[in-house]
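1. Take this sequence and fold it.
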Amino acid sequence: MNINIFRRRFTPWSVDGTMVIGGKIFCDTLERPNRHLPAGRYKISLIPTKQKKVSETKKKNKYERGKYEIVIKPVILLRSHYVPRTVRRRARFVPGNGPLRLRNKSIILGKSHYTGIVTQSEECYNEFCQLLDEEFKRMKKKHLPCRINLFIRDWGVDEIPLKYLLIFFYLIFNIMRKIKEIIIHCSATKEGRNFTVADIDRWHRERGMRCIGYHFVIYRDGSIHVGRAIEEVGAHCKGHNSISIGICYIGGLSKKGKPKDTRTRDQKAAMRSLIEQLKEEYPLATIHGHNEFANKACPCFNVKKEWG
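-> Residues are numbered from 1 along each chain as shown. A predicted model of the protein is given here:
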């Protein structure tokens, strides 16, 4: 899921923007002037938070004494691989009316009628949280990692024509990369040994790469982890990186260091689920093993026989 915020207006008392999800305007946003996030790309995570339970009667106090509830709050990750345990001192989406008391570079959601003021903030915020929660549950049900990307752009135009906005969204997110191939790799590590995305990232950096070259890594327990974003060109198969998605499973060597299909039952199930999901998004993409394009044994099993 890609979420976009176009900052339309910059004033001494607010930064007014428009949130776009799926090419459609979702709501308006407010940020504090001179204390907002730099324009760029971020990731969003949902953090469970304990807070006082709101009283249903509200006769005396707004909150019920001594009672708490767990609520989910959307937090903006400033570092893509670090997910905080709490929302304290974190940039996040919040309900509100004006931005001057905002802290930690947070963003208010609502319907804008005047510069620096929004209404229906609680409704927009709750709808936004529900939308994110449904997306996380949908991806979890398919055993896939959930990636919610936030793109903040200093647009600087007072009004964004809907027609132009939809074209802009299409150009940015649908024509970024033509995915024609899904290429499967192995980590070339001995069976029974566990390694992580961080390990592969370190190995690739030691070889002079910018970061991990694969887009997905499948652990021995069947869990799927994100390496590079799909929107980014990978570094896993020379001559095919710009048009492909790279998937790597942990293993590929026997205990004696010989090529072997060491995939566990969980890894095979996870790989099938991931590829089926990618085929839904990229129906014209063909599935290949790394050994079809290089003189290597990787991924140490017959991809064509398994996937046709």
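2. in stretch 272-287, what's buried?
-> Across stretch 272-287, burial judged by 16 or more other CB atoms under 10 Å covers Ser273, Leu274, Ile275, Leu278, Tyr282, Ala285, Ile287. Every C-beta, even on glycine, is put in place using the N, C-alpha and C of the backbone.
3. Okay, and which of these map to helices?
-> Ser273, Leu274, Ile275, Leu278 (DSSP state H).
4. From Phe301, how far out is the third one?
-> I take that to be Ile275. 14 Å (CB to CB, to the nearest Å).
5. Including pLDDT, could the buried residues of stretch 272-287 go into a markdown table?
-> Compiled in a markdown table, the buried residues of stretch 272-287 are given as follows (pLDDT from 0 to 100):
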| residue | pLDDT |
| --- | --- |
| Ser273 | 89 |
| Leu274 | 89 |
| Ile275 | 91 |
| Leu278 | 88 |
| Tyr282 | 86 |
| Ala285 | 91 |
| Ile287 | 95 |
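6. a markdown table please, covering those and showing distance to Phe93.
-> Shown next, in a markdown table, are these (distance: CB to CB, whole Å):
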| residue | distance to Phe93 |
| --- | --- |
| Ser273 | 30 |
| Leu274 | 29 |
| Ile275 | 33 |
| Leu278 | 29 |
| Tyr282 | 30 |
| Ala285 | 34 |
| Ile287 | 38 |
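7. in this protein, which helix has the most residues?
-> Assignment by DSSP H gives helix 121-141 as the longest helix of the chain.
8. Okay, buried residues for the helix or strand just after it please.
-> Downstream of helix 121-141, the first helix or strand assigned by DSSP states H and E is strand 149-154. For strand 149-154, a neighbour-count test (16+ other CB under 10 Å) marks Asn149, Leu150, Phe151, Ile152, Arg153 as buried.
9. Run through the residues that contact the third one.
-> Each residue near Phe151 by CB atoms under 8 Å, 6 or more residues apart in numbering is listed here: Asn2, Ile3, Asn4, Ile5, Gly40, Arg41, Tyr42, Ile172.
10. which two in those residues are spaced the farthest apart?
-> Maximum pairwise distance among those (CB to CB): 15.3 Å, between Tyr42 and Ile172.
11. So which of these two has more stuff around it?
-> Tyr42 (19 against 14; other CB atoms under 10 Å).
12. The more buried one belongs to a strand, doesn't it?
-> Yes. Counting by DSSP: H, G, I helix; E, B strand; the rest coil, Tyr42 is part of a strand.
13. That one and Ala198: what is the separation?
-> Distance, Tyr42 to Ala198, using CB to CB: 20 Å.
14. Equivalent analysis for Gln277, please.
-> 24 Å.
15. now His204
-> For His204, the distance to Ala198 - CB to CB - is 11 Å.
16. between the two, who's got more neighbours?
-> Neighbours per residue (other CB under 10 Å) separate His204 from Ala198, with His204 holding more: 18 against 11.
17. what ranges of the stretch 51-200 of the chain fall below the confidence cut-off?
-> 51-72, 78-89, 142-146, 156-176 (pLDDT under 70).
18. show me where it has strands.
-> Listed in chain order, the strands of the stretch 51-200 of the chain (DSSP state E, counting those that start in this stretch) span residues 63-77, 93-94, 107-114, 117-119, 149-154, 181-186, 189-190.
19. same thing with the stretch 201-308 of the chain?
-> Secondary structure of the stretch 201-308 of the chain (DSSP E, counting those that start in this stretch): strands at 216-218, 224-226, 244-249, 252-253, 286-289.
20. Distance to Arg177 added to those, as TSV?
-> What follows is the strands of the stretch 201-308 of the chain, written out as TSV (distance: least, CB to CB, whole Å):
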stretch	distance to Arg177
strand 216-218	15
strand 224-226	16
strand 244-249	9
strand 252-253	27
strand 286-289	15
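21. Met19 is nearest to which of those?
-> strand 224-226 (23.5 Å).
22. buried set for the helix or strand harbouring Asp28?
-> For Asp28, the host element (DSSP H and E) is strand 24-31. By 16+ other CB under 10 Å, the buried positions in strand 24-31 come out as Phe26, Cys27, Asp28, Thr29, Leu30, Glu31.
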